[in-house]
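Asker: sequence-free structure coming up:
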DNA sequence: CATATTTATACTCGAAATGAGTATAAATGG
DNA sequence: CCATTTATACTCATTTCGAGTATAAATATG
């Protein structure tokens, strides 16, 4: 009980601008993108969350609105001090860091110095299915994963890998499995972090040259994957999207925001039916000055719903096209 | 980043025996029930979970099967060393404990020395609606919460408290809000832990005499509430119930298990329809030696489903009776 | 000015899922 | 044999869901 460990708090601070979902990254030591990251000081803070709010406020100059704890990672090797010893099994008895990841949602998309907003899909290009199924899945990911299956040490392990491949990238896209997919790609050696963490030289590896997404510092991309997965799940049963919206918005704007988060296109007429039926939203009499087309009414979120309905949320109305159904 | 903190790992190890959902508790120092609890030793373990498995194996003599991380609590004051200083704002600069809670599911219900299985609903009597709505809700909880609303420092705070009361205990029971309800009862001073943590003498307090559920050591009841909430949510979309079942079971046994977890009664015919339709289960040709009535076929879980279906799980088929619907 | 184009919004329709039963089968205990 | 108990199959009305069609209200263009 006396083992000293330090606690790192990392925040995936998310926002949406129009159709672009983004995350706040800081220009950290070196070149890799990083999430805002700071230590938890037990002497100063009563809760983990208050510690987080404190230094996020200091570093990024704005208040966290909605926040939610994601996960606590304690894996050795996946949080190597940048530039430090890189041996995987290396007995680094120095100071072990356990990192607690948080999700935060905000409307503000300010540009503080050293901070900037970057699109999610830079880090997870295979997760954006709004236009079409990303070609890299069939062209790069699946071939590489099939190789990963073949190279399994034994047949049991191969079967397991095959299952994971199918669940993650096979028939029937489940947009919530963001973390599972990233973890699989990591283990299969298809993301840069794998080579960094295991001390191998990335340049030497063939797979590396394909560069699946942009790498991040430490385990920050894992935390971001967790954040996106959680958010994608949550929008379906809790009205969290509104934390990301301006006070007034058109229904199309709302739909575009949900689509940006889910990485999927939705059926317009059904989306508005769902939102309306659930009473999540009420019209202000005002209308949006639209460039062309009929002007859309501006709506506002009815904060009261969370009192009335036990589990409100924007159910994504219908996926368009695809969606294979099992017998 | 050099602040020393120690990490405690607590496990809510859950099982179901027939209709009785239970949790493994250890006879700890003093009188309060405790979850199996141990330190994380960063020098010895690569991940938090491997640390957990290690000492749970040592202390309780059995393997954890399915495990899942729940939440990391770091609140000052809610993890006071038993018998130690109890001042809430007391500057105990000693050693702060951050506790990571885990959920584990198991079939075995062995009786190790010093360990024992106890029913969930000893700790959360208001959560079991299988027979009927627990009378204590109307007779004890709601009156006390109304008092809590009245005593709010200002009207804004009162409105917030009223909302929480309604969401937690008002119309439309949402069986998943186990943690929210426990937290509300804690803040309203209706559970023993509140008085212990704030250093007040419980005997002196009127509310105490009503004793809502059995208290636990440290924040273990909070962790257990988190575990139950998580499990109640998860059974609806992932086939986790089967982690708790024997290899072969009748559909009624499966239903009773789900009911025990959810604290609700289900519609028998529809439950079997759902389970069958989803292909979660397949009949062995064998039949259960039933005491009376037509013998029921024994079924087994089809492990393959998790390959075939993207998000299988036992959707609870239909709540019987109640369920008020908003306009 | 008429008309194509664009966007918003209302309404329809069939397929599936859901909630609540009824009906029948297969055992046991008098 | 018959009342009782449990299992299991099937029916039916209602709601939800996925996918359209239809119409309205604006702008752009010839």
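Answerer: It's in. Quick caveat, the model's predicted, so the values are computed rather than measured.
Asker: Give me the outermost residue of chain A relative to its centroid.
Answerer: Distance from the C-alpha centroid of chain A peaks at residue A:285, with 35.3 Å (Cα atoms, centre = their mean).
Asker: Report the contact partners of it.
Answerer: residue A:297 (Cβ atoms under 8 Å, 6 or more residues apart in numbering or on different chains). C-beta: built from backbone N, CA, C; applies to glycine.
Asker: Tell me the first helix or strand C-terminal of the helix or strand hosting it.
Answerer: Element membership for residue A:285, per DSSP states H and E: strand A:281-287. Next helix or strand after strand A:281-287 toward the C-terminus (DSSP H and E): strand A:297-301.
Asker: And that next one, what's buried?
Answerer: A:298-301 (16 or more other Cβ atoms under 10 Å in any protein chain shown).
Asker: now swap in stretch A:45-52 and tell me
Answerer: Going by neighbour count (16+ other Cβ under 10 Å), the buried part of stretch A:45-52 is A:45, A:48-49, A:51-52.
Asker: measure residue A:238 to DNA strand D for me?
Answerer: Plainly put, residue A:238 is 15 Å away from DNA strand D if you go by Cβ to the nearest atom of the strand, to the nearest Å.
Asker: Same question for residue A:75.
Answerer: In terms of Cβ to the nearest atom of the strand, residue A:75 sits 37 Å off from DNA strand D.
Asker: Any regions of the stretch 101-250 of chain A where pLDDT drops low?
Answerer: A:109-114, A:201-210 (pLDDT under 70).
Asker: which residue ranges form the helices in chain A?
Answerer: A:48-60, A:120-123, A:135-136, A:142-150, A:155-169, A:178-187, A:192-197, A:220-234, A:251-262, A:268-277, A:305-308 (DSSP state H).
Asker: so which of the ones you listed comes closest to DNA strand D?
Answerer: Taking Cβ to the nearest atom of the strand, helix A:268-277 is the member of those nearest to DNA strand D, at 3.2 Å.
Asker: hang on, the earlier thing: tell me which residues in the strand holding residue A:285 are buried?
Answerer: Residues residue A:281 are the ones in strand A:281-287 that count as buried (16+ other Cβ under 10 Å).
Asker: Does residue A:224 touch residue A:12 like I think?
Answerer: Yes. If you go by Cβ atoms under 8 Å, residue A:224 and residue A:12 touch, sitting 5.0 Å apart.
Asker: And the pLDDT for the residue farthest from the centre of chain A?
Answerer: pLDDT, residue A:285: 91.
Asker: rewinding a little: what lines up beside the strand holding residue A:285 in the sheet?
Answerer: strand A:297-301 (antiparallel) (DSSP bridges).
Asker: Quick test: name the residue nearest the centre of chain A.
Answerer: In chain A, the centroid-proximal residue (Cα atoms, centre = their mean) is residue A:228; its distance is 2.5 Å.
Asker: Contacts only, for that one.
Answerer: A:12, A:14, A:120, A:124, A:127, A:178, A:261.
Asker: So which of those is the closest to chain B?
Answerer: Among the contacts of residue A:228, residue A:178 lies closest to chain B (Cβ to the nearest Cβ), at 13.8 Å.
Asker: what residues are up against the closest one?
Answerer: Applying Cβ under 8 Å, 6+ apart, the residues near residue A:178 are A:124, A:127, A:225-226, A:228-229, A:232.
Asker: ok, so what distance separates it from residue B:106?
Answerer: 29 Å (Cβ to Cβ, to the nearest Å).
Asker: what's the answer for residue A:268, then?
Answerer: 48 Å.
Asker: Show me which of these two is the more surrounded one.
Answerer: residue B:106 (20 against 14; other Cβ atoms under 10 Å in any protein chain shown).
Asker: Test my guess that residue A:18 contacts residue A:256.
Answerer: Yes. Assessed by Cβ under 8 Å, residue A:18 is found in contact with residue A:256 at 6.6 Å.
Asker: In contact with the closest residue to residue A:284 other than its chain neighbours: list those residues for me.
Answerer: Sequence neighbours aside, residue A:298 is the residue nearest to residue A:284 in space, at 5.0 Å (criterion: Cβ to Cβ, 6 or more residues apart in numbering or on different chains). Taking Cβ under 8 Å, 6+ apart, we find residue A:298 in contact with A:248-250, A:283-284, A:286-288.
Asker: which one is residue A:54 nearest to, not counting chain neighbours?
Answerer: residue A:45 (6.6 Å).
Asker: hang on, that neighbour packs against residue A:55?
Answerer: No. Between residue A:45 and residue A:55 there is no contact, the gap being 9.5 Å when judged by Cβ under 8 Å.
Asker: Look up how far residue B:42 lies from the residue in the stretch 1-150 of chain A that DNA strand D sits nearest to.
Answerer: Using Cβ to the nearest atom of the strand, the closest approach of the stretch 1-150 of chain A to DNA strand D is made by residue A:129 at 13.9 Å. According to Cβ to Cβ, residue A:129 and residue B:42 sit 40 Å apart.
Asker: So the two - more neighbours on which side?
Answerer: Taking other Cβ under 10 Å, residue A:129 and residue B:42 do not tie; residue B:42 has more neighbours (23 against 18).
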